[in-house]
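Visitor: my questions concern the predicted model and sequence given below.
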Amino acid sequence: MVRWVSDPSFDEMYGAEPTSARAPYRRFHEWFEASDRAELRRKVDSIDAIFRRTGITFNVYGADDAEERLIPFDPVPRIIAAEEWRRVARGIEQRVRALNAFLYDIYHRQEILKAGRVPVDLIARNAAFVPEMIGFEPPGGIYVHVVGIDLVRTGEDEFFVLEDNARTPSGVSYMLENRETMLHVFPELFEQSRVAAVSGYPQALRRSLAASCPASTRGTPTIALLTPGIHNSAYFEHSFLADEMGIELVEQQDLRLVNGRVAMRTTLGYEPIDVLYRRIDDDFLDPLTFRSDSLLGVPGIMDVYRAGNITIANAPGVGIADDKAIYSYMDDIVEFYTGEQPLLRNVKTWRCGETESLAYVLAHLSELVVKEVHGSGGYGMLVGPTSSSEEIAAFAVKLQQDPSNYIAQPTLALSTVPIMDNGGLARRHVDLRPFVLISPNGIDITPGGLTRVALTEGSLVVNSSQGGGTKDTWVLES
C-alpha cells in the first residue's frame with residue numbers, strides 16, 4: 001500500500017488518486033502488490049552491500065568527517081512512457097543545439113548581444129566568460145560535448161528545465177550503477193517490461209569524444225580523462241568512466257608538454273593525447289592562463305589547444321551557458337538560434353541584480369527558492385517555504401549585499417514518485433538529469449538519466465549533498 005499524504009503535486013505512479021496505477025506503472029504495480037514483503041525487504045537490504053562492494057561513494061564538501069558516503073538508493077524505479085520521453089528528448093535536442101550556437105556566437109560575432117536579446121553586461125562582467133576563447137573555434141565547432149539538463153515535472157504533460165549543467169556535469173556513473181544493481185537484484189522486473197538500455201553510455205561517450213578530435217589527429221584518437229584526484233567528490237565517477245571507456249585516468253603530474261602536444265606518462269614513455277575529457281574547472285586548467293596557484297592543471301595547455309593540437313571537453317568558457325542568470329534568458333536564446341519556440345520551457349526566474357526583481361524577491365522570500373548564480377550541489381540556496389524566519393532574515397542580508405549573485409524562482413510543486421518505506425510505498429519529490437553527448441556526428445541522448453529523490457517527506461531538495469538519494473530511471477520502449 002502507499003502512504004498517501006496530502007500533497008497537491010502530480011504523482012507519476014498514481015495520478016490523482018491511489019486507486020489504480022497510471023499506464024507506465026501498471027506492470028510494476030501488479031508485481032509489487034503480488035510480492036512477498038519479507039523477500040522484498042531482504043533484497044532491498046542487500047543493495048547497500050552491493051554499493052559498498054562496488055565503491056559507489058561520494059564526499060560531502062565541508063562535512064565534519066572525511067568519510068566517503070553511500071548515496072542512498074531507492075529501488076522503486078521511476079518509469080517514463082515512450083511517448084513522454086520522445087517529447088522530452090525533442091526538447092532537449094533543441095536546447096543543446098541552441099546552447100552550442102549561443103557559445104559560438106558570444107565568442108565570435110556576438111549577434112545576440114547586438115540584437116539586445118541578452119544584456120552585454122551579463123556577458124562582459126561574468127566570471128564564467130573566458131576572453132581567451134574569443135575568436136577561437138574548438139575542433140568540430142563543439143563547445144559542450146557532455147551536458148546534463150536538469151528537468152522537473154509538474155503535471156501529466158508539463159516538464160520544465162530547472163538548470164543546464166554544461167561545465168563538468170556529474171552523476172552518470174550513478175545512473176549506470178543504479179541500472180546494473182536493479183538488473184542484479186530484481187531481474188524479474190525487466191522480464192515483464194521493455195526498458196531502454198543505458199549500458200552503452202561509456203562507449204557512446206568514447207565515440208563522441210573521438211569524433212571531436214582535432215583535425216591534426218592521425219589514426220585512432222588517444223583519449224584521457226583528467227581528474228583532480230582522489231579527494232574530489234566525484235572521483236568514483238572519474239575512475240569508473242575511464243575504466244568503462246578503456247582510457248587512461250590522469251592527474252596533473254602525469255601530463256607534460258612534449259613537442260607542442262599534451263602528453264601523458266606511460267610505461268613506454270610520454271604518449272601524445274588528442275582528446276582530454278577534463279573534470280576540473282576552468283580556473284584550474286592552466287596556471288599560465290588562469291589561476292597561477294593551480295596544482296591541478298597543465299601549464300601551457302591553452303596554447304596547445306589554441307594551436308589545434310588537442311580537444312578539451314568540455315571547452316573552456318562553456319560555464320557561461322549554465323550560469324543561472326543566463327538561464328533566465330534561455331527561452332530567448334532558443335528562439336534566437338533555432339527560430340522556434342522552446343519545446344521545454346524555463347521556470348519563471350527573477351534576476352536579483354535588477355532593482356524591481358530584488359524588491360519583489362525580498363518581499364516574498366518565504367515563498368521562493370533563491371540560488372547563487374554560480375552555485376551547484378544545493379549549496380548556498382534558500383528554500384523559503386521550509387526555512388525559519390531567522391534563516392530567511394539572514395539570507396536577506398546576504399542577498400542585499402550582493403544581489404547580482406542570486407536568482408530566485410517560485411517554489412514548484414515537483415512531481416512525486418513512490419519510494420520503498422517499511423515494506424510499503426511513500427511519495428517523495430524528484431527531478432531528472434538526462435545526459436547528452438554532442439559531437440560533429442550528432443546528438444546522443446541517453447534514455448532516462450539520473451533521477452534524484454528527496455528522501456525526507458515534503459522536502460524539495462534532491463541533491464545528494466543535502467540528503468537526497470537516487471533511483472533507476474526507466475524509459476519504456478513501447
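Guide: The structure has been received and is ready for your questions. Fair warning: this is a prediction, and the values are worked out from it, not measured in the lab. Numbers count the residues shown, from 1 in each chain.
Visitor: quick check: next helix or strand after the helix or strand harbouring L432?
Guide: Secondary structure from DSSP states H and E places L432 in strand 424-433. For strand 424-433, the following helix or strand on the C-terminal side (DSSP H and E) is strand 435-439.
Visitor: following that next one, which helix or strand comes up?
Guide: Counting by DSSP H and E, the next helix or strand C-terminal to strand 435-439 is strand 442-445.
Visitor: which residues sit against that next one?
Guide: With contact meaning CB atoms under 8 Å, 6 or more residues apart in numbering, strand 442-445 is reached by A89, I92, E93, V96, R97, A204, S208, P434, F435, V436, L437, I438. (C-beta placed from N, C-alpha, C; glycine too.)
Visitor: can you rerun that using 10 Å?
Guide: Strand 442-445 is contacted by residues 85, 88-90, 92-94, 96-97, 100, 147, 149, 200-201, 204-205, 207-208, 211, 434-438 when judged by CB atoms under 10 Å, 6 or more residues apart in numbering.
Visitor: adjacent strands (with direction) for that strand?
Guide: Partner strands and pairing direction for strand 442-445 (DSSP bridges) are strand 435-439 (antiparallel).
Visitor: avg pLDDT for the strand it pairs with?
Guide: For strand 435-439, the mean pLDDT works out to 98.
Visitor: what's the answer for stretch 255-265, then?
Guide: For stretch 255-265, the mean confidence score works out to 97.
Visitor: among the contacts of strand 442-445, name the buried ones.
Guide: Buried subset of these (neighbour count, 16 or more other CB atoms under 10 Å): 85, 88-89, 92-94, 96, 100, 147, 149, 201, 204-205, 207-208, 211, 434-438.
Visitor: so which of the residues you listed sit within strands?
Guide: V147, I149, F435, V436, L437, I438 (DSSP state E).
Visitor: the fourth one and T446 touch, don't they?
Guide: The reference is to V436. Yes. If you go by CB atoms under 10 Å, V436 and T446 touch, sitting 7.6 Å apart.
Visitor: quick check: neighbours shared by the two?
Guide: Counting by CB under 10 Å, 6+ apart, the common neighbours of V436 and T446 are A89.
Visitor: what ranges does the stretch 201-350 of the chain have for its strands?
Guide: Applying DSSP state E, counting those that start in this stretch to the stretch 201-350 of the chain gives strands spanning 223-226, 248-250, 255-258, 261-266, 269-272, 275-278, 311-313, 345-346, 350-351.
Visitor: so which bits of the third one are buried?
Guide: Of the residues in strand 255-258, those buried under the neighbour-count criterion (16+ other CB under 10 Å) are L255, L257.
Visitor: domain map for this structure?
Guide: If you go by automatic domain parsing, the domain ranges for the chain are 2-344+412-475, 348-410.
Visitor: out of the ones you listed, which is the most enclosed?
Guide: Of all the domains of the chain, domain 2-344+412-475 has the most neighbours on average by mean count of other CB atoms under 10 Å, namely a mean of 18.
Visitor: just give me how far that one sits from the chain centre.
Guide: Mean C-alpha position of domain 2-344+412-475 versus that of the full chain (CA atoms, centre = their mean, to the nearest Å) differs by 3 Å.
Visitor: what of stretch 395-402?
Guide: Here stretch 395-402 is found 27 Å from its chain centre; the criterion is CA atoms, centre = their mean.
Visitor: quick one: mean pLDDT for stretch 173-190?
Guide: Computed over stretch 173-190, the mean pLDDT rounds to 95.
Visitor: could you identify the helix or strand that succeeds the one helix or strand F159 maps to?
Guide: Secondary structure assignment for F159, by DSSP H and E: strand 158-165. For strand 158-165, the following helix or strand on the C-terminal side (DSSP H and E) is helix 172-185.
Visitor: just the C-alphas of that next one, formatted as CSV.
Guide: Extracted in CSV, the C-alpha atoms of helix 172-185 (Å, rounded to 0.1, in the frame of the first residue of the first chain):
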residue,chain,number,x,y,z
VAL,A,172,26.2,9.5,-15.0
SER,A,173,28.1,6.7,-13.1
TYR,A,174,25.2,6.5,-10.6
MET,A,175,22.7,6.2,-13.5
LEU,A,176,24.7,3.2,-14.8
GLU,A,177,25.3,1.6,-11.5
ASN,A,178,21.7,2.0,-10.4
ARG,A,179,20.6,0.1,-13.5
GLU,A,180,23.2,-2.6,-13.0
THR,A,181,22.1,-3.0,-9.4
MET,A,182,18.4,-3.3,-10.4
LEU,A,183,19.2,-5.9,-13.0
HIS,A,184,21.1,-7.9,-10.4
VAL,A,185,18.5,-7.7,-7.6
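Visitor: just checking, next helix/strand downstream of that helix?
Guide: Sequence order places helix 187-191 as the next helix or strand after helix 172-185, per DSSP H and E.
Visitor: in terms of secondary structure, what does that following helix contact?
Guide: helix 26-34, strand 73-80, helix 172-185, strand 469-475 (3 or more CB pairs under 10 Å, 6 or more residues apart in numbering; DSSP states H and E).
Visitor: of all these, which one is nearest Q253?
Guide: Set against Q253 and scored by CB to CB, the helices and strands packed on helix 187-191 come closest in helix 172-185, at 23.9 Å.
Visitor: do you know how far the closest residue to V185 other than its chain neighbours is from K348?
Guide: Spatial nearest neighbour of V185, chain neighbours left out: K43 (5.1 Å); criterion: CB to CB, 6 or more residues apart in numbering. From K43 across to K348, the span is 42 Å (CB to CB, to the nearest Å).
Visitor: over to E191?
Guide: As judged by CB to CB, E191 and K348 stand 44 Å apart.
Visitor: swap in L183?
Guide: For L183, the distance to K348 (CB to CB) stands at 40 Å.
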